[in-house]
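Enquirer: Sequence first, predicted model second:
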Amino acid sequence: MEVLERYLNVGWPDDAPTRAAITFELLHTLPAQLDDARKRIYDDIERPLSAVLARMEVRGVRLDADYLRAQSEVMGGRIAALEQDIQRHAGHEFSVSSRDQLEKVLYDELNLESGKKTKLTGKRSTAVSALEPLRDEHPIIPALLEYRELSKLKGTYLDPLPALINPRTGRLHTTFAQASVATGRLSSLNPNLQNIPIRSEAGREIRKGFIADPGFCLISADYSQIELRLLAHISGDEAMQQAFTSGADIHRRTASQVLGVMEELVTPSQRRAAKTVNFGVLYGMSAHRLGNDLGIGYAEANRFIEAYFAVYPGIRAYIERTLAFGREQGYVETLYGRRRYVPELKASNRTMREAGERVAYNMPIQGTAADIIKVAMVRLDERLSALGARLLLQVHDELLVEAPEGQTDEIAALMQELMEGAASLSVPLSVEVGAGPNWYDTK
DNA sequence: TAGATTACGGGG
DNA sequence: CACGCCCCGTAATCTA
């Protein structure tokens, strides 16, 4: 425990009472040493939030265990059939869930063309991204892809979740880690309720198992495109701010501007390309990766990115300004002053340094989004309690609430108003709200 | 046998 | 040549 060494000059004791006493000691030693901005983050956000999170953990969320177990049965049958199918295509039995055995079957026995290699050991990859190009090459591939998807859902969600229901409360209780993510986000563990499937229909069905208490309904409220809105605000880029202020569809607007096409004429694939770039720019995506994702050449991807920065010049300026600040100060920070130290910015190894740069200009955006939803949670908690409603989960940009059936509309409206007003920026924040008997039906 | 490592894949 | 940010959980496999 470095913190103890540094601030109290003691090691981490073995016995629980002394550990508790020392932790308590830290609780008044550390906050007193914070400077202004950091003290405000602690006093106004993190300390009150810890009480909100504690109540959310204790409250838990109701699960329809019978539904999830039934889904698991169905899926188990399908997985077994797929396994037979896969082994028939291979010509012999093998452990389909072993990537090492699968590697030999695909690339040595069936002589399929291996593409990607694994990162650390250089084996021939069997990941989805490596199998997808082979989809039409052999009927074993689509069977494998479905097997992978379904066994993931069964093994990670359908089977473990019902077994984790607390017999005393009859509900499922996660733990939120408040100080483990470098950007200021929360994380959720044991079980992780921040990665419940939504993208595929088969996965999304799992959300039907998250249900409201009798007499209550679930309300989900989502910040839409909060990170891009923050990029517009923090960078000061006027074109991007204008897009949000005028209520435009940001991806359509981007495609229109970058490609020089009227908005009404933007095709779905052009909009998809713009969406990929809008998100990719936050992560520092290379032209190489973009070209891959869009199925276009490296050179064309490069032109696309250049055109993007020409349309939104403030974004490149933000990146440069943030990197200069980070090299100078050794850290970068959010709008509220939450810091992340990034010593890699001074690394002599280029790969390490560039990785540090991506981290550095992403953190203020991701971290400010985390700050804002935390503020919203602290403010919402009291208002909701007074109305007999309660916060259940935070999934980064989304809050899930359980509300008395009679007051659903009123509470949904309150959530939207309060979340949109959690910060005042040069662009509006937008929150989408939905209600239903289960999580699936809130969207 | 337990813990660590690796590959993989679920979410924002 | 490199090659997209932040997490957590599972299963297979390796290592102490």
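Expert: Okay, I see it.

Enquirer: CA only for contacts and neighbour counts going forward, please
Expert: Noted.

Enquirer: Give the helix, strand or coil label for the most centrally placed residue in chain A.
Expert: Closest to where the C-alpha atoms of chain A average out (CA atoms, centre = their mean) is A:His396, at 6.2 Å. With DSSP: H, G, I helix; E, B strand; the rest coil as the basis, A:His396 sits in coil.

Enquirer: what helix or strand is the closest residue to DNA strand C within the stretch 301-443 of chain A on?
Expert: Of all residues in the stretch 301-443 of chain A, A:Val359 sits closest to DNA strand C, at 4.1 Å by CA to the nearest atom of the strand. Here A:Val359 sits within helix A:350-386, counting by DSSP states H and E.

Enquirer: List the buried residues in that helix.
Expert: Residues of helix A:350-386 classed as buried: A:353-354, A:356-381, A:383-384 (neighbour count, 16 or more other CA atoms under 10 Å).

Enquirer: and what of stretch A:165-178?
Expert: Neighbour-count burial for stretch A:165-178 [16+ other CA under 10 Å]: A:Ile165, A:Arg171, A:Leu172, A:His173, A:Thr174, A:Thr175, A:Phe176.

Enquirer: residue contacts, the closest residue to A:Ala389 other than its chain neighbours?
Expert: The shortest distance from A:Ala389 to any non-neighbouring residue, by CA to CA, 6 or more residues apart in numbering, is to A:Ala403 (4.3 Å). Neighbouring residues of A:Ala403 by CA atoms under 8 Å, 6 or more residues apart in numbering: A:Phe216, A:Cys217, A:Leu218, A:Ile219, A:Gly388, A:Ala389, A:Arg390, A:Ile411.

Enquirer: Let's verify the last one: helix, strand, or coil?
Expert: Spelled out, that is A:Ile411. Of the three states, A:Ile411 takes helix according to three-state DSSP.

Enquirer: Just to be sure, A:Gly434 is in a strand?
Expert: Yes - counting by three-state DSSP, A:Gly434 falls inside a strand.

Enquirer: Could you tell me how many residues sit around whichever residue of the stretch 201-350 of chain A sits closest to DNA strand B?
Expert: Nearest to DNA strand B in the stretch 201-350 of chain A, going by CA to the nearest atom of the strand, is A:Gly203, at a distance of 6.1 Å. Residues near A:Gly203, counting by other CA atoms under 10 Å, number 18.

Enquirer: I figured it hits A:Leu153, correct?
Expert: Yes - proximity of A:Gly203 to A:Leu153 meets the contact threshold set by CA atoms under 8 Å, at 6.5 Å.

Enquirer: how close does the residue of the stretch 301-443 of chain A closest to DNA strand C sit to DNA strand B?
Expert: Between A:Val359 and DNA strand B the computed distance is 11 Å (CA to the nearest atom of the strand, to the nearest Å).

Enquirer: ok now do that residue, which residues does it touch?
Expert: A:Val359 neighbours (CA under 8 Å, 6+ apart): A:Tyr283, A:Val342.

Enquirer: In contact with A:Arg62, which residues are there?
Expert: A:Gly170, A:Arg171, A:Leu172, A:Phe210, A:Ile211, A:Ala212, A:Asp213 are the contacts of A:Arg62 under CA under 8 Å, 6+ apart.

Enquirer: so what strands line up beside whichever strand or helix holds it?
Expert: Assigned by DSSP H and E, A:Arg62 belongs to strand A:61-63. Paired neighbours of strand A:61-63 in the sheet (DSSP bridges): strand A:171-172 (antiparallel), strand A:210-211 (antiparallel).

Enquirer: can you list these in JSON lines and add mean pLDDT and distance to DNA strand B?
Expert: Output for the strands paired with strand A:61-63, formatted as JSON lines (pLDDT from 0 to 100; distance: least, CA to the nearest atom of the strand, whole Å):
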{"stretch": "strand A:171-172", "mean pLDDT": "96", "distance to DNA strand B": "18"}
{"stretch": "strand A:210-211", "mean pLDDT": "97", "distance to DNA strand B": "14"}
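
Enquirer: how about those strands, which one is nearest DNA strand C?
Expert: Distances from DNA strand C to each of those were compared using CA to the nearest atom of the strand; the minimum, 12.7 Å, belongs to strand A:171-172.

Enquirer: is the closest one up against DNA strand C anywhere?
Expert: No - Strand A:171-172 lies out of reach of DNA strand C by CA under 7 Å from any atom of the strand, never closer than 12.7 Å.

Enquirer: and the next helix or strand after that strand, which strands flank it?
Expert: Sequence order places strand A:175-177 as the next helix or strand after strand A:171-172, per DSSP H and E. Strand A:175-177 pairs in its sheet with strand A:187-189 (antiparallel), by DSSP bridges.

Enquirer: So what's the gap between the strand it pairs with and the chain middle?
Expert: Chain-centre distance of strand A:187-189: 11 Å, with CA atoms, centre = their mean, to the nearest Å.

Enquirer: buried set for the very next helix or strand once past that strand?
Expert: Using DSSP H and E, the next helix or strand after strand A:187-189 towards the C-terminus is helix A:201-204. Applying a neighbour-count criterion of 16+ other CA under 10 Å, one finds A:Gly203, A:Arg204 buried in helix A:201-204.

Enquirer: Contacts made by helix A:201-204 with the rest, please.
Expert: By CA under 8 Å, 6+ apart, the residues outside helix A:201-204 that reach it are A:Leu150, A:Leu153, A:Pro197, A:Ile198, A:Tyr440.

Enquirer: Restrict those residues to the buried ones and give me that as a PyMOL selection.
Expert: In PyMOL, this line selects whichever of the contacts of helix A:201-204 come out buried by 16+ other CA under 10 Å:
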select buried, chain A and resi 150+153+197+440
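
Enquirer: and DNA strand B, which of the contacts of helix A:201-204 reach it?
Expert: With CA under 7 Å from any atom of the strand as the criterion, those include A:Leu153, A:Pro197, A:Ile198 near DNA strand B.
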